[in-house]
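# I would like to see how this sequence folds:
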Amino acid sequence: MTPEQLIVKCYAEQEDNYWVAVCLDFNLAAQGDSFEEVKVKLEAMIAEYVFDALVGQDKAYAAQLLSRRAPLSAWLKYRFIKLKSTVLHGPGRVFDEIMPLVPAA
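Have a look, this model is predicted:
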């Protein structure tokens, strides 16, 4: 496993009066009132998702679950938000999360 495989790509954007955050590598999404809130919620979802896939009830499906990517449209949105936030200082944000790992027993 390479270090790049331990990083999951995410983005967040404001929609009306709330924020939506998406984890592209696992196709997960969270909603909250602020960027900070939605980021914390998505981090918790990622941790629970990886735990369930590796040692929890979904362990038999780990290979499928850990390779479940968001559709191309979400990846394109990520690239667009990254460009907008870098060049135009737009409202969306891109961020990386480190995949939570469970130590071997």
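# Pass me the low-pLDDT residue ranges in the protein, would you?
Within the chain, the stretches with pLDDT under 70 are 1-5, 89-90, 100-105.
# what's the single longest strand in the protein?
In the chain, taking DSSP state E as the definition, the longest strand is strand 7-15.
# Buried residues, that strand. List them.
Buried positions in strand 7-15, judged by neighbour count with 16 or more other CB atoms under 10 Å: 8-13. (C-beta placed from N, C-alpha, C; glycine too.)
# quick one: the helices in the protein?
Using DSSP state H, the helices of the chain run over 35-54, 62-65, 72-83.
# Quick check: the residue most central in space within the chain vs Glu36, distance?
Compute the mean C-alpha point of the chain, and by CA atoms, centre = their mean the closest residue is Cys23, 1.9 Å away. According to CB to CB, to the nearest Å, Cys23 stands 16 Å off from Glu36.
# Now tabulate the helices of the chain in TSV and tack on distance to Arg93.
Shown next, in TSV, are these (distance: least, CB to CB, whole Å):
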stretch	distance to Arg93
helix 35-54	6
helix 62-65	26
helix 72-83	7
